[in-house]
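*Asks:* got a sequence here, can you model it:
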Amino acid sequence: ADGYNAIQIMAIQEHPYYGSFGYHVSSFYAPSSRFGTPDELKALIDDAHSRGIAVIMDIVHSHAVKNEVEGLGRLDGSYNQYFYGDHRREHSAWDSLCFDYGKNEVLHFLLSNCKYWLEEFRFDGFRFDGVTSMLYYNHGLGQAFGSYADYYNGGEDTNAITYLTLANKLIHQVNRHAITIAEEMSGMPGLAYPIKGGGMGFDYRMAMGIPDYWIKMLKEKKDEDWHPTSIFWELTNRRADEKTISYVESHDQALVGDKTVIFRLIDDKMYWHMMKGDNDAAVNRGIAMHKMIRLVTLATINGGYLNFMGNEFGHPEWIDFPREGNGWSYKYARRQWELVDREDLRYGELLAFDNAMIHLVESVENFQALPVARLWDSDGDQVLAFGRGDLVFVFNWAPFKSYEGYGFLAPEGEYEVVLSSDDKQFGGFGNIDDTTHHLTQPDPLYAGEHKGWLKLYLPARTCQVLRRVN
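*Replies:* Predicted coordinates for the structure are as follows:
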């Protein structure tokens, strides 16, 4: 119903410590017993497939749990059966063990693991966790990747690169429609490029700089200092030949240790002022910004768009699993799905906007492949406009300034409003008349480029999408 066509599931492989979020794997071929039986996992995947939804598994081949009673730690009594036997054995930041990808037996074990989940459970692909850690001898820790010289300077682990390339080759041989995604933050070139062209063969790489950028903006910048030139550059700064997965926030933000974007915007006022009709200024700001951040991130994709569960309606809290640090509490080991169904609260308005923007992009064939054409950006006015195909996306980030008849050059023609964050059904104020058609005004200087001035009313903290109809 929300319009998403894929589910990524974390913590599938068995792990002894719940608080590791599934990243300290002990049994690579076993679905975690916490969540049901293997047959129930198969039933879930079959159900998703019957609804046209792909299921992607978060697979952890970057390290393994240190435990020796369970797991691979000292399966045969030695220290180096699966892992390095020297100083490289333990991951200094993760308190885990590092695979020796130079051993054929390790390659066979991990490659067979990929094939197992594809064939036995019918997963549609994998998000490979911790790829940066695999690619470099220093795991990418404390290293700034500022130029191409930093990627291939002798510090790259060619054995791990070989394994990842073989894994992609195998996965796509087993299922040519499979999806592979690399969680990688250094930006190593060629990661999401075809093997036959010299790449490692991933279909997508995570655009990990984008959620970091949004958190940094929310933490460090006043609303008046949100500059459209910076926003547009961050969202479109990528290699044209590598597809990415763009996202506002994932489990990295929603798990303990940080706040979701909506909670950082509104904080504890979410507990007291999310009632319809409350009209709290902080809540109004948070809802407006949340919609704009999500739409501009989705509208600039060159691959896919990812959302972490609950954030489509602005879930108010983080997720935290029982651990020593919280007294083994299950209090936050859940999502409050009922919030979005309560008609007296505003979560449904955020969900309605999420649904509308997803369905809009979904309605445009091969949207992610259309060029992103910057039409206008002004840091002084805090206005950003760009086009994709017949759609024009317009954002006014200014917290207090609304503009009447704000003009910028756009392909000449007639435009209709197809989405407005200010619509009342989305928690807005209804100041944008979406029944009005807008005609570009001709300018002799740009007649040869078939451009004219598109003039719009831009309320503060709003975004709108227009479609050229003539």
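
*Asks:* let me see the ranges of the helices in the stretch 251-400 of the chain.
*Replies:* 251-254, 261-266, 281-299, 347-362 (DSSP state H, counting those that start in this stretch).

*Asks:* relative to Thr244, which of the ones you listed is closest?
*Replies:* Nearest to Thr244, of all the helices of the stretch 251-400 of the chain, is helix 281-299, at 11.3 Å by CB to CB. (Each C-beta comes from the backbone N, C-alpha and C, glycine too.)

*Asks:* show the average pLDDT along the closest one.
*Replies:* Across helix 281-299, pLDDT averages out at 98.

*Asks:* distance from it to the middle of the chain?
*Replies:* Here the centre of mass of C-alpha atoms in helix 281-299, compared against the chain's by CA atoms, centre = their mean, to the nearest Å, lies 16 Å away.

*Asks:* ok, stretch 374-383 next?
*Replies:* Relative to the mean C-alpha coordinate of its chain, stretch 374-383 is positioned 25 Å out (CA atoms, centre = their mean).

*Asks:* for that stretch, measure first residue to last.
*Replies:* Taking CA to CA, to the nearest Å, the span from the opening residue of stretch 374-383 to its closing residue is 12 Å.

*Asks:* repeat for stretch 273-291
*Replies:* End-to-end distance for stretch 273-291, by CA to CA: 18 Å.

*Asks:* now do stretch 239-255
*Replies:* Distance between the boundary residues of stretch 239-255 (CA to CA) amounts to 30 Å.

*Asks:* related to what we said a few turns ago, can you check which of the helices of the stretch 251-400 of the chain gets nearest to Tyr330?
*Replies:* Each of the helices of the stretch 251-400 of the chain was scored for nearness to Tyr330 using CB to CB, and the closest is helix 251-254 (16.5 Å).

*Asks:* export the closest one as PDB, just CAs?
*Replies:* C-alpha atoms of helix 251-254 as PDB (Å, rounded to 0.1, in the frame of the first residue of the first chain):
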ATOM      1  CA  HIS A 251      19.000   1.600  11.100                       C
ATOM      2  CA  ASP A 252      22.300   3.500  11.700                       C
ATOM      3  CA  GLN A 253      20.200   6.500  12.800                       C
ATOM      4  CA  ALA A 254      17.100   4.700  14.200                       C
END
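
*Asks:* which neighbouring elements make contact with it?
*Replies:* Contacting helix 251-254 under the criterion 3 or more CB pairs under 8 Å, 6 or more residues apart in numbering; DSSP states H and E are the following elements: helix 209-220.

*Asks:* mind showing which ranges of the stretch 251-400 of the chain have poor pLDDT?
*Replies:* Counting by pLDDT under 70, the ranges of the stretch 251-400 of the chain that qualify are 256-257.

*Asks:* which residues of it fall in strands?
*Replies:* Under the criterion DSSP state E, counting those that start in this stretch, strands of the stretch 251-400 of the chain are mapped to 304-306, 373-378, 383-388, 391-396.

*Asks:* and the shortest one, what other elements does it pack with?
*Replies:* Contact partners of strand 304-306 among helices and strands, from 3+ CB pairs under 8 Å, 6+ apart: strand 244-247.

*Asks:* what's the answer for the last one, then?
*Replies:* In terms of contact count using 3+ CB pairs under 8 Å, 6+ apart, strand 391-396 is assigned the packing partners helix 281-299, strand 383-388, strand 403-411, strand 451-458, strand 462-468.

*Asks:* so for the third one, mean pLDDT?
*Replies:* Per-residue pLDDT values across strand 403-411 average out to 98.

*Asks:* among the helices and strands packed on strand 391-396, which comes closest to Leu110?
*Replies:* Leu110 lies closest, by CB to CB, to one member of these: helix 281-299, at 32.8 Å.

*Asks:* what's the angle from that closest one to helix 347-362?
*Replies:* Helix 281-299 and helix 347-362 meet at an angle of 20 degrees, taking axes from the mean of the first three to the mean of the last three CA atoms, to 10 degrees as the criterion.

*Asks:* one step back: using TSV, lay out the helices and strands packed on strand 391-396 together with distance to Leu360.
*Replies:* Converted to TSV, the helices and strands packed on strand 391-396 look like this (distance: least, CB to CB, whole Å):
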stretch	distance to Leu360
helix 281-299	9
strand 383-388	11
strand 403-411	18
strand 451-458	18
strand 462-468	7
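
*Asks:* how about the ones you listed in JSON lines, adding distance to Ser112 and mean neighbour count?
*Replies:* Shown next, in JSON lines, are these (distance: least, CB to CB, whole Å; neighbours: other CB atoms under 10 Å):
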{"stretch": "helix 281-299", "distance to Ser112": "37", "mean neighbour count": "22"}
{"stretch": "strand 383-388", "distance to Ser112": "42", "mean neighbour count": "23"}
{"stretch": "strand 403-411", "distance to Ser112": "53", "mean neighbour count": "16"}
{"stretch": "strand 451-458", "distance to Ser112": "56", "mean neighbour count": "20"}
{"stretch": "strand 462-468", "distance to Ser112": "47", "mean neighbour count": "23"}
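
*Asks:* among those, which comes closest to Leu375?
*Replies:* For those, the distance to Leu375 is smallest for strand 383-388, at 4.3 Å, taking CB to CB.

*Asks:* ok so, going back, now tabulate the strands of the stretch 251-400 of the chain in TSV and tack on distance to Ser26.
*Replies:* Formatted as TSV, the entries for the strands of the stretch 251-400 of the chain read as follows, by distance: least, CB to CB, whole Å:
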stretch	distance to Ser26
strand 304-306	27
strand 373-378	49
strand 383-388	46
strand 391-396	46
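
*Asks:* neighbours of the residue nearest to Asp341 when sequence neighbours are not counted, just the number please.
*Replies:* What sits nearest to Asp341 in space, not counting adjacent residues and going by CB to CB, 6 or more residues apart in numbering, is Gly348, at 7.3 Å. Residues near Gly348, counting by other CB atoms under 10 Å, number 19.

*Asks:* one more: Phe263?
*Replies:* Burial of Phe263, expressed as a neighbour count using other CB under 10 Å, amounts to 21.

*Asks:* gap between it and Thr180?
*Replies:* With the distance defined as CB to CB, to the nearest Å, Phe263 ends up 32 Å from Thr180.

*Asks:* please apply the same query to Ser112.
*Replies:* Relative to Thr180, Ser112 is positioned 16 Å away (criterion: CB to CB).

*Asks:* nearest to Asp344 among the helices and strands packed on strand 391-396 would be which one?
*Replies:* Counting by CB to CB, Asp344 lies closest to helix 281-299 out of those; the figure is 14.0 Å.

*Asks:* list the residues that contact Pro442.
*Replies:* Contact partners of Pro442, counting by CB atoms under 8 Å, 6 or more residues apart in numbering, are 412, 452.

*Asks:* tell me the confidence at it?
*Replies:* Per-residue pLDDT puts Pro442 at 97.
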